[in-house]
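Peer 1: predicted model, plus sequence, below.
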Amino acid sequence: MTGATGASRLAAVVLTGGAGRRMGGVDKPALPVGGRSMRERVLAAVADAEPRIVVGTTDGLPPRVHGIRERPAGGGPVAATAAGLALLVSRSTSGNRGPAVVEWAAAAEDTVDGGTVVGSMPATVALLAADLPLLTASAVHDLRTALEGAPTADGVVYVDDTGRPQWLCGVWRTASLRRALGRLATRHDGVLTGTSVRALMAELTVAELAWRGSGPPPWFDCDTDEDLRRAEEWIR
């Protein structure tokens, strides 16, 4: 992506939070599928994104991947999304090269001007759960293509085989996602802790994409030991 314009660049925010209660409280994204951790697989699917930001458990991140923790830790996926976007803003506008904690409200004020993201902000951002071991670069490319073909949509997400949207397996217009977070924060007195993903999505115009590829479904997430076994079977 070297030399790409803001309009053509993709960033990625990968959420590693969650208590993993149905799996005994383990660090789910660190669990291996096909010999690689789920987090590693998700990061590989967005290898061409810049920057790549992991929110939550950030130990042992690979080179060129940046980490941040939502505040408070365990504050939920919306708070984690805000933290990831805040770090993206910070890196795009100040050239910060390391992890940083940026207050959401302050970060939201200085990079949106008349609805246009300024500076070197990537125009689109992949927002992904870290427990998607079947996600591929091809699947992410299809999301980006679908968003390009849907000019009135704020983002595109996969739907599973029952038609249910997979909110944390999508690509978004960065400015739209940030404005939605700002509106939601305003209604909740600046506090996003515990806010539902559904509430965030209600602020956005979302297009849906069904997986038509020949491989396993990229939206498949692993919440149980049985899900892990199923993912292993698909990868073989």
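Peer 2: Noted; the coordinates are in hand. Treat the numbers as computed from the prediction; the structure is a model and nothing was measured.
Peer 1: let me see the contact set for the closest residue to G215 other than its chain neighbours.
Peer 2: Of all residues beyond its chain neighbours, the one nearest G215 is T136 (7.0 Å), with distances taken as CB to CB, 6 or more residues apart in numbering. Quick note: C-beta positions are derived from backbone N, CA and C, even for glycine. By CB atoms under 8 Å, 6 or more residues apart in numbering, T136 lies in contact with A45, G215, P218.
Peer 1: filter these down to just the buried residues.
Peer 2: Neighbour counting by 16 or more other CB atoms under 10 Å classes A45, P218 among the contacts of T136 as buried.
Peer 1: among the contacts of T136, show me the least confident.
Peer 2: In terms of pLDDT, the weakest of these is G215, which scores 87.
Peer 1: pretty sure that residue sits against D142.
Peer 2: No. Applying CB atoms under 8 Å, one finds G215 not in contact with D142, separated by 11.6 Å.
Peer 1: what's the closest non-adjacent residue to G75?
Peer 2: Looking at G75 with CB to CB, 6+ apart, the closest residue is T193, at 4.0 Å.
Peer 1: so the one you found sits against A79, correct?
Peer 2: Yes. Taking CB under 8 Å as the definition, T193 is a contact partner of A79 at 5.1 Å.
Peer 1: between the two, tell me which one has more neighbours.
Peer 2: Neighbour comparison, T193 and A79: the larger count goes to A79, with 25 against 14 (by other CB atoms under 10 Å).
Peer 1: didn't that one look like it was pressed against E70?
Peer 2: Yes. The pair formed by A79 and E70 meets the contact definition of CB under 8 Å, at 4.5 Å.
Peer 1: can you flag which of the contacts of T136 belong to helices?
Peer 2: The helices in this structure, assigned by DSSP state H, contain A45 from the contacts of T136.
Peer 1: could you pull out the helices for this protein?
Peer 2: Counting by DSSP H, the helices of the chain are 38-45, 77-94, 104-109, 137-148, 174-187, 197-201, 225-235.
Peer 1: show me what the longest one is packed against.
Peer 2: Based on contacts counted as 3 or more CB pairs under 8 Å, 6 or more residues apart in numbering; DSSP states H and E, the elements that helix 77-94 packs against are strand 10-15, strand 52-55, strand 65-68, helix 104-109, strand 124-129, helix 174-187, helix 197-201.
Peer 1: now do 6 Å
Peer 2: Helix 77-94 is packed against strand 10-15, strand 52-55, helix 104-109, with contacts defined by 3 or more CB pairs under 6 Å, 6 or more residues apart in numbering; DSSP states H and E.
Peer 1: and the angle for it with helix 174-187?
Peer 2: Orientation check (axes from the mean of the first three to the mean of the last three CA atoms, to 10 degrees): helix 77-94 against helix 174-187 gives 120 degrees.
Peer 1: just give me how far helix 77-94 sits from the chain centre.
Peer 2: Between the mean C-alpha point of helix 77-94 and the mean C-alpha point of its chain there is a distance of 11 Å (CA atoms, centre = their mean, to the nearest Å).
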